[in-house]
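Colleague: Build me a model from this:
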Amino acid sequence: MEEVIRCGWCGTDPQYIKYHDEEWGKPVYDDKILFEFLILEGAQAGLSWITILRRREGYRTAFADFDVEKVAAFTAADEERLMNDTGIIRNRLKVKAAINNARLFIAIQKEFGSFSDYIWGFIPDRKPIVNTRTSLGEVPARTEISDAISKDMKKRGFKFFGTTICYAHMQATGMVNDHIEGCISK
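Modeller: Next up is the predicted model:
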């Protein structure tokens, strides 16, 4: 039997392997999914991705199935509800940021027609950047493009979307494909 090669970061955890094989590095142009990853990546700041992945369904429930209009309309009472929800990371700054970012996400949709058009507009020809990495050590934490996106989004008022989180978002949504050479998902 031939050995299956995967990027080493997913280890042997079945949930991580499923995410690696089915989602990570696959291009996403759907605003709802882009918003989902915006919420999840912001929650991940300072934590491991598996921590957030294991709470993904909790986030889906807590954040109205990632309906940006509903999240943007959350009130102070919703914020308190979220602070008591054990299915998510209960960090007040991250909760406030998620609600704030939802409102800003809608503003970008109005300005550009979709969030997808906005964020993919930073990528040449709006096609995924496919890198040729041979090891995890070659994968950067940020790039000039993630710097530019993050800077623009910060200027617009987004929180918890620095260049490192932005690059992780780009990887998660397939704007960049950093699967190592030989990986089954390359």
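Colleague: switch to C-alpha atoms for all contacts and neighbour counts from now on
Modeller: Will do.
Colleague: and the closest residue to Gly25 other than its chain neighbours, how many neighbours?
Modeller: Of all residues not flanking Gly25 in the chain, Gly174 sits nearest, at 3.8 Å (CA to CA, 6 or more residues apart in numbering). Residues near Gly174, counting by other CA atoms under 10 Å, number 21.
Colleague: in the protein, which ranges drop under the pLDDT threshold?
Modeller: Along the chain, segments meeting pLDDT under 70 span 1.
Colleague: Go again with 80.
Modeller: The model of the chain has pLDDT under 80 over residues 1-2.
Colleague: Show me what the longest helix anywhere in the chain is packed against.
Modeller: In the chain, assigned by DSSP state H, the helix with the most residues is helix 92-112. Where contact means 3 or more CA pairs under 8 Å, 6 or more residues apart in numbering; DSSP states H and E, helix 92-112 is packed against helix 31-44, helix 68-72, helix 76-83, helix 115-120.
Colleague: can you put the ones you listed in CSV and add mean neighbour count and distance to Gly11?
Modeller: Listed next are these as CSV, based on neighbours: other CA atoms under 10 Å; distance: least, CA to CA, whole Å:
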stretch, mean neighbour count, distance to Gly11
helix 31-44, 21, 18
helix 68-72, 17, 32
helix 76-83, 14, 31
helix 115-120, 18, 30
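Colleague: Using JSON lines, please lay out those together with distance to Glu2.
Modeller: What follows is the helices and strands packed on helix 92-112, written out as JSON lines (distance: least, CA to CA, whole Å):
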{"stretch": "helix 31-44", "distance to Glu2": "33"}
{"stretch": "helix 68-72", "distance to Glu2": "44"}
{"stretch": "helix 76-83", "distance to Glu2": "46"}
{"stretch": "helix 115-120", "distance to Glu2": "37"}
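Colleague: For Thr132, which of those is the nearest?
Modeller: helix 115-120 (20.6 Å; CA to CA).
Colleague: tell me what that closest one is packed against?
Modeller: helix 31-44, helix 92-112.
Colleague: Please state the offset of it from the chain centre?
Modeller: Here the centre of helix 115-120 is set off from its chain's centre by 14 Å, with CA atoms, centre = their mean, to the nearest Å.
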